[in-house]
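**Student:** take this sequence and fold it.
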Amino acid sequence: MLVQRDYHAENLLWLPERDGAARVGLLDFQDAAAGHPAYDLVSLLEDARRDVTQATVAAAKAHYLALTGFDPAQFDLAYAAMGAQRNLRILGVFARLSLHFGKPGYVDLIPRVWDHLRTDLAHPSLAELRGLVQAALPDPSVAKLQELKDRCGTVPTL
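**Tutor:** You can find the predicted model right below:
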């Protein structure tokens, strides 16, 4: 299935003159790739820039499952695994954009992405990955985030 690696609200356009699904336009689709269908839903519901209520997340997942017929347990694992992978990638991208390219605004988004990662890693099947992440990455404390901001733009690209 085709998935969009940069699928979030800023890349969606409302086109009221159209009907049905065509009312939503998509920007920035050059990163489209083959992947699990859960990836796009995770991308929308675990947005790095805005909060989505748990009620909305639950309703969207239930609606998606009803439409697709996926096994709920298998889908929950795929959703958590895709979310963990995606959020780890985003944390790395945000660190790179701040440290190498002097963009401190991305540091402000790290706590939300970290919370999404924690939620995804809470899935029982991801216990081993959860342990690896906890051992390798520091929690985004206020001090750690300030340290990243203080280092913005100071790490040269290779």
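**Student:** and the residue in the chain sticking out farthest from the centre, what pLDDT?
**Tutor:** Going by C-alpha atoms, centre = their mean, the residue of the chain most distant from its centre is Glu17, 30.0 Å out. Note for Glu17: predicted pLDDT of 94.
**Student:** OK, contacts around it?
**Tutor:** Counting by C-beta atoms under 8 Å, 6 or more residues apart in numbering, Glu17 makes contact with nothing. From N, CA and C alone the C-beta is placed, and that goes for glycine too.
**Student:** repeat the analysis, applying 10 Å as the threshold.
**Tutor:** Arg23 (C-beta atoms under 10 Å, 6 or more residues apart in numbering).
**Student:** and the one helix or strand Val57 maps to, what does it pack against?
**Tutor:** Following DSSP states H and E, one finds Val57 within helix 54-68. Helices and strands touching helix 54-68, as assessed by 3 or more C-beta pairs under 10 Å, 6 or more residues apart in numbering; DSSP states H and E, comprise helix 38-45, helix 72-101.
**Student:** buried set for the shortest one?
**Tutor:** Taking 16 or more other C-beta atoms under 10 Å as the neighbour-count basis, helix 38-45 is seen to contain the buried residues 38-45.
**Student:** from those, which is closest to Leu67?
**Tutor:** Within the buried residues of helix 38-45, the smallest distance to Leu67 is 10.9 Å, found for Leu41 (C-beta to C-beta).
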